[in-house]
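Participant: structural data only, the sequence is not supplied:
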Ligand SMILES: Cc1cc2nc3c(=O)[nH]c(=O)nc-3n(C[C@H](O)[C@H](O)[C@H](O)COP(=O)(O)OP(=O)(O)OC[C@H]3O[C@@H](n4cnc5c(N)ncnc54)[C@H](O)[C@@H]3O)c2cc1C
């Protein structure tokens, strides 16, 4: 590739946040280039990403507005209810009537959500396939496999050097390469955070009985255990354990894993059969000190990596993609320089409060719920019971989780740019 201006926006990282941003920009008339060390087709392999993501209904509207509805709808499981309980003993999921402390029901916010559910559960592999198809169909230039190795930020352009020596230039570079963002480091933006010394063990199971769109979150002493409903009466399990126990579970023989699982899960949904491999993900918190610098914007986990306790990480990235796309497209239409500090600060100001509040909230939540101290158990039980009894508080949490609170970017309202 020749030197000079190669695109309007260089998007480093073609994960779900980076690909969503590139698609939004292209559809609104800007020219992005996407870079990723992993070839798009390799991201679609069943062994690449075994997770499913709970997607807030506002974030799902954005994908529909970008034309992904036909590809995603057959794989999207509506979440109609979320039941949260605090348990001390393994096997607490069993039994006819577990003591749920919090119960969220989509019917309660139907007047404000147009009958949308609390959210959708989507396997990441289907989302990646839909995004890859749309990116190709839109004619977005994708450099993959290719790795961003260095970046320099001048008065008029960002210059990005790939590991193979190619140099790209554009008015703006977006770092969407996840927690190890090279763009963030090259821009001199620090990050704060810590390791939770926990692992997310992820597996997909087939259920004997229908789940009826109910998501369950159990706060066991080792950390949360979530049963997330998938299409076709399957469920995605996110099982938080200490790092050592997580490694042991990943290495366990299938019959051992099944035995451990049944002790946690119980039999309230009938027999359960594990489908496909068991995946493990280390859990940490990482927040960039700033979201923007001249000619640089950070997006998704590159800006804020949170604990998956409430399924908000990707949702934050998708909200960020909607806000950044809107700011850039409006600025380009007004003839402004899209990489200037004045323009980028609008994106940072729009996202800062939500990002910091949510990251801090998730962190406090993780500490509170990964703890077996009896006083803390009592306090959190009382807290949940209070929220459960107050209708407006419950509805606020549901709207917040649905991503429909605050000043929403047009894409999150389901409109095009
Ligand atoms: C167990 C678990 C469960 C989760 N569940 C949920 C959930 O239910 N709901 C939810 O909202 N979130 C959830 N999350 C969080 C969510 O998965 C992440 O927030 C999301 O994947 C981040 O997307 P991203 O595009 O920002 O980054 P990533 O997915 O990390 O993508 C970064 C991309 O950048 C590429 N890259 C890396 N280095 C370079 C480089 N040098 N140059 C160019 N490209 C590079 C990578 O190859 C990758 O494709 C969960 C996380 C975990 C661990």
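Facilitator: Structure's in. What do you need? Everything quoted here is computed from the prediction, not taken from an experiment.
Participant: and residue 31, how far is that from the ligand?
Facilitator: Applying Cβ to the nearest ligand atom, to the nearest Å, one obtains 18 Å for the distance of residue 31 from the ligand. All C-beta atoms are positioned from the backbone trio N, CA, C, and that covers glycine.
Participant: whoops, residue 137 was the one
Facilitator: From residue 137 over to the ligand the distance is 19 Å, taken as Cβ to the nearest ligand atom.
Participant: and for residue 264?
Facilitator: Distance, residue 264 to the ligand, by Cβ to the nearest ligand atom: 16 Å.
Participant: same deal with residue 333?
Facilitator: The value you get for residue 333 to the ligand, if Cβ to the nearest ligand atom is used, is 26 Å.
Participant: now swap in residue 116 and tell me
Facilitator: When distances are taken as Cβ to the nearest ligand atom, residue 116 and the ligand turn out to be 16 Å apart.
Participant: since we're on that residue, how many residues are nearby?
Facilitator: Using other Cβ atoms under 10 Å, residue 116 has 20 other residues around it.
Participant: that one and residue 56 touch, don't they?
Facilitator: No: using Cβ atoms under 8 Å, residue 116 and residue 56 do not qualify as a contacting pair, with a distance of 9.7 Å.
Participant: helices of the stretch 101-250 of the chain, residue ranges please.
Facilitator: Chain-ordered helices for the stretch 101-250 of the chain, with DSSP state H, counting those that start in this stretch as the definition, fall at 110-113, 124-137, 182-186, 243-251.
Participant: ranking these by burial, who's on top?
Facilitator: For those, the largest average neighbour count (mean count of other Cβ atoms under 10 Å) is found in helix 182-186, namely a mean of 22.
Participant: for the ligand, what are the nearby residues on the stretch 151-300 of the chain?
Facilitator: When proximity is defined by Cβ under 6 Å from any ligand atom, the stretch 151-300 of the chain lies next to the ligand at 176-178, 180, 182, 200, 202, 238, 281, 300.
Participant: out of the residues you listed, which two sit at the greatest distance?
Facilitator: Across these, the longest distance by Cβ to Cβ is 28.4 Å; it joins 182 and 238.
Participant: would you mind naming what in the stretch 301-417 of the chain lies close to the ligand?
Facilitator: When proximity is defined by Cβ under 6 Å from any ligand atom, the stretch 301-417 of the chain lies next to the ligand at 301, 308, 311-315, 317.
Participant: same thing but at 8 Å, please
Facilitator: 301-302, 305-306, 308, 311-318 (Cβ under 8 Å from any ligand atom).
Participant: tell me the most packed of these, by neighbour count.
Facilitator: residue 302 (32 neighbours).
Participant: roughly how far does it sit from residue 349?
Facilitator: Here residue 302 is placed at a distance of 18 Å from residue 349 (Cβ to Cβ, to the nearest Å).
Participant: tell me how far residue 6 lies from the ligand.
Facilitator: 15 Å.
Participant: my guess is that residue contacts residue 171. True?
Facilitator: No: taking Cβ under 8 Å as the contact criterion, residue 6 and residue 171 are not neighbours in contact, 10.7 Å apart.
Participant: can you map out the strands along the stretch 251-400 of the chain?
Facilitator: Chain-ordered strands for the stretch 251-400 of the chain, with DSSP state E, counting those that start in this stretch as the definition, fall at 272-288, 292-293, 296-298, 304-305.
Participant: right, so these: which one is the most enclosed?
Facilitator: strand 296-298 (a mean of 28).
Participant: which residues touch residue 246?
Facilitator: By Cβ atoms under 8 Å, 6 or more residues apart in numbering, the contact list for residue 246 reads 198-201, 280.
Participant: recalculate using a threshold of 10 Å.
Facilitator: Applying Cβ atoms under 10 Å, 6 or more residues apart in numbering, one finds that residue 246 lies in contact with 197-201, 222-223, 239-240, 278, 280-283.
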